[in-house]
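Chemist: what follows is a predicted structure for the sequence shown.
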Amino acid sequence: MAPRGAIIKRSAADPKLFEKTGRAVVFTSLQDLAARIDDPDLDVTADDFLVLQNAGPLSEAAMPEAGYIPIPSKLARAGVKDMVRISDARMSGTAYGTIVLHVAPDAASGGPIGLIRNGEKIALSVKEHSINLLVSEEELDRRRSENKVEKRPAERGYEMLYRGHVLQADEGCDFDFL
């Protein structure tokens with residue numbers, strides 16, 4: 001799911017969640033997250049993995065500090081304090097939780113995080129340094145062929161430099177010419 005890497009701040013995470021398989025609950029953008037995270041009808045349990053797509057360096061959001069995906073309010077009211085959350089975004093160093101961030105490459109670049117669908121199983125192993133989408137390579141190849149990544153054109157200025165030269169999280173999100 002993160003062929004070029006991802007990070008988890010172990011000191012802020014719950015060790016009980018380090019070796020876990022869960023069902024994906026996918027949010028396709030920051031707008032989707034804001035619209036649905038507190039919906040009382042959201043199909044989510046404490047054992048699920050919340051996945052935020054399209055918040056990485058090449059997304060429309062340009063990798064904001066939005067990786068701290070909140071616990072859905074219906075679960076928080078039931079006493080859930082932490083659950084596995086995954087994103088191609090970043091978050092403040094003071095945030096708490098079992099959150100896998102900086103997934104590279106990001107969804108907007110065609111990374112596997114953008115291929116995840118609701119209900120699919122994800123396996124996280126901190127011990128093995130792995131996070132895997134439990135879907136066949138054939139199915140992922142089919143999705144890649146159907147989901148062509150559209151790059152928003154930029155004709156000039158900073159946006160052109162950014163869109164054409166920003167690196168992924170594993171390379172520091174810097175410009176490739178620096």
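Modeler: Good, I have the coordinates.
Chemist: now the farthest one out in the protein, which residue is it?
Modeler: The outermost residue of the chain relative to its centre, with distances by CA atoms, centre = their mean, is residue 156 at 29.2 Å.
Chemist: using CSV, list the CA coordinates for the helix or strand of the chain with the lowest mean pLDDT.
Modeler: Across the helices and strands of the chain, mean pLDDT, DSSP states H and E gives its lowest value to helix 157-165, namely a mean of 87. The C-alpha trace of helix 157-165 is given here as CSV (Å, rounded to 0.1, in the frame of the first residue of the first chain):
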residue,chain,number,x,y,z
GLY,A,157,4.3,30.6,-11.9
TYR,A,158,4.6,28.8,-8.6
GLU,A,159,1.8,26.4,-9.4
MET,A,160,3.6,25.2,-12.5
LEU,A,161,6.8,24.8,-10.5
TYR,A,162,5.0,23.0,-7.7
ARG,A,163,3.0,20.6,-9.9
GLY,A,164,5.9,19.8,-12.2
HIS,A,165,8.7,19.5,-9.6
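Chemist: and residue 50, helix, strand or coil?
Modeler: strand (DSSP: H, G, I helix; E, B strand; the rest coil).
Chemist: how many residues are close by it?
Modeler: Per other CB atoms under 10 Å, the neighbour tally for residue 50 reads 24. For glycine as for every other residue, the C-beta is placed from the backbone atoms N, C-alpha and C.
Chemist: tell me the contacts of the nearest residue to it once chain neighbours are set aside?
Modeler: Spatial nearest neighbour of residue 50, chain neighbours left out: residue 85 (4.5 Å); criterion: CB to CB, 6 or more residues apart in numbering. Applying CB atoms under 8 Å, 6 or more residues apart in numbering to residue 85 gives the contacts 49, 50, 51, 52, 67, 68, 69, 97, 98, 99, 100.
Chemist: and the pLDDT at the second one?
Modeler: In this case it means residue 50. On pLDDT, residue 50 comes in at 98.
Chemist: give me the distance between it and residue 99.
Modeler: 9 Å (CB to CB, to the nearest Å).
Chemist: common neighbours of these two, please.
Modeler: 69, 84, 85, 86.
Chemist: ok, the second one touching residue 100?
Modeler: Yes - checked against CB atoms under 8 Å, the pair residue 84 and residue 100 is within contact range at 7.2 Å.
Chemist: list residues touching both of these two?
Modeler: Shared contacts of residue 84 and residue 100, defined by CB under 8 Å, 6+ apart, are found at residue 124.
Chemist: which parts of this protein are strands?
Modeler: Taking DSSP state E to define them, one finds strands in the chain at 7-8, 19-27, 49-52, 85-87, 99-101, 121-125, 130-133.
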